[in-house]
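Q: this one's structure only:
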C-alpha cells in the first residue's frame, strides 16, 4: 500500500513539475492569443473605415471586412499554437493543400470576385455610365461580386463576368460630359461649297444643345464621282441632352437649311457617332 501511495505521489510530483515547466510557455501563448484577438478586432475596424471611404456595396464591404478578420484570427491561432510548442507545419501544409484544391475548383468564381473588387477600387466606370465591352453596349446597372450588369439600348439586361470586363478594353462613353458626334454630307460639285458649308454650320450652331465651344466644324473627306464628301462635327453635353434626340434635331435643322437655300445634297448621307 505504501509503495502504491509513493508511486501516485511521484506521478503527481512529475505532473506538477511539468505544469510548472510549461507555465511560462502557457502564459506567453495566452498573451499572444489575447493580443492576436484584439489585433484582429482592430484590423476589422480599420478595414471597415477604409472600405467606407470607397463607398463599396454592402455585400462587398462585409466580404472584405470578414475576410480580413478571419485571416487575422487564423494567423493568430497558428502563432499561438507554435508558441505553445505545437508542430503547426503539418497543419499549415494541410490547410495549404486544401486551399489549393478548393481554389482550383472555384477558379472562375475567384477570378470574377477579385476582378470585381479591383474594379470597385479602381472605378473605371460608375453606375449609370454608358460603356462598351467587346460587342456589348449599354448602361451600367450594377457591379456584383461576380458580374457587371448592363442594360442595353433595347432594354435588355446583360450579365458580363467581372473577369471579362477587367481583362478587356472598356470604352466609357460617358466619362467626359462633352462628347462629339458627326454628320456626313455629300455636296454636289455644281454647288457653292463655301456657301453650303457656311449655311450648314450656321444651322448647326442654332440647334438647341449643340455646344458653342468647341464650335461646330467641317472637314472634307474625299471627292466622289458626283459630289464632295465631308463631315460636320458638333459637340454636346451628354449630362443635359439625349444622344438620339440631339441627333434628330441636328439632321432636321441641316435638311431644312439645305432646302431653304436650295443646296443640293446627293445621297447617301449618314449619321455616325464618333467614339
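A: Received the coordinates, thanks. Treat the numbers as computed from the prediction; the structure is a model and nothing was measured.

Q: mind checking pLDDT for the residue nearest to the spatial centre of the chain?
A: By CA atoms, centre = their mean, the chain has its centre lying nearest to residue 119, at 2.9 Å. On pLDDT, residue 119 comes in at 82.

Q: domains in this protein, as residue ranges please.
A: Annotated domains of the chain cover 2-105, 124-172, 178-273 [automatic domain parsing].

Q: who wins for proximity to residue 111 among these?
A: domain 124-172 (4.3 Å; CB to CB). To be clear about C-beta, it is placed using only N, CA and C from the backbone, and glycine gets the same treatment.

Q: between the domains of the chain, which one is nearest to residue 113?
A: Minimum separation from residue 113 across those (CB to CB) falls at domain 124-172, 5.5 Å.

Q: Averaged pLDDT, that closest one. What do you get?
A: Domain 124-172 comes out at a mean pLDDT of 90.

Q: swap in stretch 52-68?
A: Mean pLDDT, stretch 52-68: 67.

Q: next one: stretch 265-275
A: Average pLDDT, stretch 265-275: 49.

Q: Show residues contacting the host helix or strand of residue 202.
A: In the assignment (DSSP states H and E), residue 202 maps to helix 193-205. Outside helix 193-205, the residues within contact range by CB atoms under 8 Å, 6 or more residues apart in numbering are 185, 187, 210, 212, 215-218, 228, 230, 232, 234, 250, 253-254, 256-258, 261, 263.

Q: other SSEs contacting the following helix or strand past it?
A: Sequence order places strand 217-223 as the next helix or strand after helix 193-205, per DSSP H and E. Where contact means 3 or more CB pairs under 8 Å, 6 or more residues apart in numbering; DSSP states H and E, strand 217-223 is packed against helix 193-205, strand 227-237.

Q: Point out the one among those that comes closest to residue 67.
A: Comparing the helices and strands packed on strand 217-223 under CB to CB, the one sitting nearest is strand 227-237, at 41.7 Å.

Q: Next, the buried residues of that closest one.
A: Within strand 227-237, the residues scored as buried using 16 or more other CB atoms under 10 Å are 227-228, 230-236.

Q: Equivalent analysis for stretch 249-258, please.
A: Along stretch 249-258, these residues count as buried under the neighbour rule (16+ other CB under 10 Å): 249-250, 253-255, 257-258.

Q: Report the contact partners of the nearest residue to residue 210 once chain neighbours are set aside.
A: Distance criterion CB to CB, 6 or more residues apart in numbering; nearest residue to residue 210, sequence neighbours excluded, is residue 234 at 4.9 Å. With contact set as CB under 8 Å, 6+ apart, residue 234 has these partners: 180-183, 204, 207, 210-211, 216, 250.

Q: next one: residue 163
A: By CB under 8 Å, 6+ apart, residue 163 lies in contact with 108, 111-112, 115.

Q: quick one: which of those is nearest residue 147?
A: residue 112 (7.3 Å).
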